[in-house]
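# only geometry, no sequence info:
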């Protein structure tokens, strides 16, 4: 007999209906007095509704003046996505019946049936009919409620399974599940940085390759191609952070690389874990769990937990110090690189003031050690003085302009550009702005 979920009998569509005597979900009505304690507590958390319960009671009282004919014994089960239906097949057996209809098929939900039987009650048919509610009687043959039948169709009958065969299959499945549980081995592994101890179904590597020297090594029985390797330590099977390709088990090299694990014992692992504290090595969560499973004192376990936290604190402090040192080194690197550019700009400004030629060389500007970009010297100087230059002209300055110089004949600044490029029709305007702002800057400085 399968289980049932009492709370799932109720929903927004089928709420809890109850008064001092009965409870209902509109599909069954049953006395509170026969409910289990947990079921009654769940029901009493909902407000009472005396009027609706009375309506249902009146209908029931009218129906159950009719005689009870026979007990409902399931003969078939129809499996549905929503719920399973239990069906009994009976002769209609009373005069006036259409001879073409000689059978009736009363049916109820399997979960309702299991629920009612769990209360040590039985279900009875009223007037040998599939339409009337089914009566519920307790072990003292007292009426304690009703349950509404489920309407059956031809396909429901035709596609049903024998109920006893269904129960036998359930029993067989439960036996398989029980056997599987008995074959589970207690395994220790890490998941989400937590030590997990849980039963897993494992396969002996010794059986896979017919080599008894591997009798303490196992792999997971899973659908995934890569199966984790576990070492049997007696008290637990430990995930040793190796894996075996299940499709490649005929290749010995896979097992040769884990052969060294055969000789590892629990005592060795426990000693290694304890030595990690002495050697300032990392202790993971499975190390601590293994110490715990070995029967260590709470004091030793707590010392390992504290050591692990201290190790993390030290590492965090070291990382912080390294980060600050790296940031300072990067800052000094960028400052040194950009100081070179500042000196180039100052030299270019002095050359302009001294009416000397300034070459438009490419320079590299650093925002950080790994974030930099190239730009021509003249364009960079114009940007530094917030001279607003169209993108097209910026491209011309970067790619075509070679130098600027003072023309003694014209008594003005001029420029040169690559012959492979066309002359700019607007660059002179921006050059004049640059010359002016530099002259004004140094004029102010000299006055000060």
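Perfect, I can see it now. Computed from a predicted model, the values in this text were never measured in an experiment.
# And the closest residue to residue 308 other than its chain neighbours, how far from residue 242?
Counting by CB to CB, 6 or more residues apart in numbering, the nearest residue to residue 308 once its immediate chain neighbours are dropped is residue 283, at 4.8 Å. For the C-beta atoms, the positions are set from N, CA and C on the backbone; glycine is no exception. When CB to CB, to the nearest Å is the yardstick, residue 283 and residue 242 sit 20 Å from each other.
# Now do the same for residue 337: helix, strand or coil?
Using DSSP: H, G, I helix; E, B strand; the rest coil, the structure places residue 337 in helix.
# How is the nearest residue to it once chain neighbours are set aside assigned, secondary-structure-wise?
Spatial nearest neighbour of residue 337, chain neighbours left out: residue 366 (4.6 Å); criterion: CB to CB, 6+ apart. Three-state secondary structure (criterion: three-state DSSP) places residue 366 in strand.
# Can you give me the pLDDT of residue 366?
Predicted confidence (pLDDT) for residue 366: 93.
# got a pLDDT number for the residue nearest to residue 308?
pLDDT recorded at residue 283 is 94.
# Looks to me like it is in a helix.
No: assessed by three-state DSSP, residue 283 does not belong to a helix; its assignment is coil.
# before we move on, back to that, what about the residue nearest to residue 337, how many neighbours?
Under the neighbour criterion other CB atoms under 10 Å, residue 366 is assigned a count of 18.
# Thought residue 338 was touching it, still the case?
Yes: look at residue 366 against residue 338 with CB atoms under 8 Å: they come within range, at 5.6 Å.
# related to what we said a few turns ago, dig out what the residue nearest to residue 337 forms beta bridges with.
Residues in a beta bridge with residue 366, per DSSP bridges, are residue 372.
# can you pull the contacts of it?
Going by CB atoms under 8 Å, 6 or more residues apart in numbering, residue 366 touches 333-334, 337-338, 372.
# Show me just the buried residues among those residues.
Buried by 16 or more other CB atoms under 10 Å: 334, 338, out of the contacts of residue 366.
# Can you add pLDDT and distance to residue 403 and give the contacts of residue 366 back as a markdown table?
Shown next, in a markdown table, are these (pLDDT from 0 to 100; distance: CB to CB, whole Å):
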| residue | pLDDT | distance to residue 403 |
| --- | --- | --- |
| 333 | 94 | 30 |
| 334 | 94 | 28 |
| 337 | 94 | 24 |
| 338 | 92 | 23 |
| 372 | 92 | 24 |
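# Can you add distance to residue 118 and give the contacts of residue 366 back as CSV?
Formatted as CSV, those follow (distance: CB to CB, whole Å):
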residue, distance to residue 118
333, 77
334, 77
337, 81
338, 82
372, 76
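# Please state the offset of the host helix or strand of residue 306 from the chain centre?
Taking DSSP states H and E as the criterion, residue 306 maps to helix 298-353. Centroid displacement of helix 298-353 relative to its chain, using CA atoms, centre = their mean, to the nearest Å, is 35 Å.
# now stretch 133-140
The chain centre lies 47 Å from the centre of stretch 133-140; the measure is CA atoms, centre = their mean.
# next one: stretch 166-183
Taking CA atoms, centre = their mean, one finds stretch 166-183 lying 30 Å from the centre of the chain it belongs to.
# Give me the contact list for the one helix or strand residue 254 maps to.
In this structure, residue 254 sits in helix 253-256 according to DSSP H and E. Identification of contacts with helix 253-256 by CB under 8 Å, 6+ apart yields 205, 209, 211, 214, 244-245, 248.
# Stretch 292-303 now?
Residues from elsewhere that reach stretch 292-303 (CB under 8 Å, 6+ apart): 188, 197, 235-236, 266, 270, 277, 288, 291.
# ok, so of these, who is nearest residue 309?
residue 288 (11.0 Å; CB to CB).
# Can you check what pLDDT the model gives the spatially most central residue of the chain?
In the chain, the centroid-proximal residue (CA atoms, centre = their mean) is residue 192; its distance is 10.4 Å. Model confidence at residue 192, given as pLDDT, is 91.
# in this protein, which helix or strand is least confident?
Confidence across the helices and strands of the chain bottoms out at strand 90-91, with a mean of 64, counting by mean pLDDT, DSSP states H and E.
# Quick one: end-to-end length of stretch 39-48, please.
15 Å (CA to CA, to the nearest Å).
# can you map out the helices along the stretch 101-250 of the chain?
110-118, 154-158, 163-183, 205-209 (DSSP state H, counting those that start in this stretch).
# Please identify the most buried of those helices.
Most buried of the helices of the stretch 101-250 of the chain, by mean neighbour count (mean count of other CB atoms under 10 Å): helix 110-118, with a mean of 19.
# Remind me what it packs against, helices and strands.
Applying 3 or more CB pairs under 8 Å, 6 or more residues apart in numbering; DSSP states H and E, we find helix 110-118 packed against strand 85-87, strand 122-126.
# right, and those strands - which one's nearest residue 180?
Nearest of the helices and strands packed on helix 110-118 to residue 180, taken as CB to CB: strand 85-87 at 28.1 Å.
# Any idea how far that closest one is from the middle of the chain?
Distance of strand 85-87 from its chain centroid, counting by CA atoms, centre = their mean, is 39 Å.
# next one: stretch 140-156
A distance of 43 Å separates the C-alpha centroid of stretch 140-156 from that of its chain, computed with CA atoms, centre = their mean.
# Give me the contacts around it.
Outside stretch 140-156, the residues within contact range by CB under 8 Å, 6+ apart are 22, 27-31, 33-34, 60, 63-64, 78, 85, 87, 105-109, 112, 116, 121, 123, 130-138.
# try stretch 257-266
With contacts defined as CB under 8 Å, 6+ apart, stretch 257-266 is touched by 213-214, 216-217, 229, 231, 233-235, 240, 242, 244, 294.
# 7 Å - rerun?
Applying CB atoms under 7 Å, 6 or more residues apart in numbering, the external contacts of stretch 257-266 come out as 213-214, 216-217, 229, 231, 233-235, 240, 242, 294.
# Any idea how many residues pack against residue 413?
Each residue near residue 413 was counted by other CB under 10 Å, and the total is 17.
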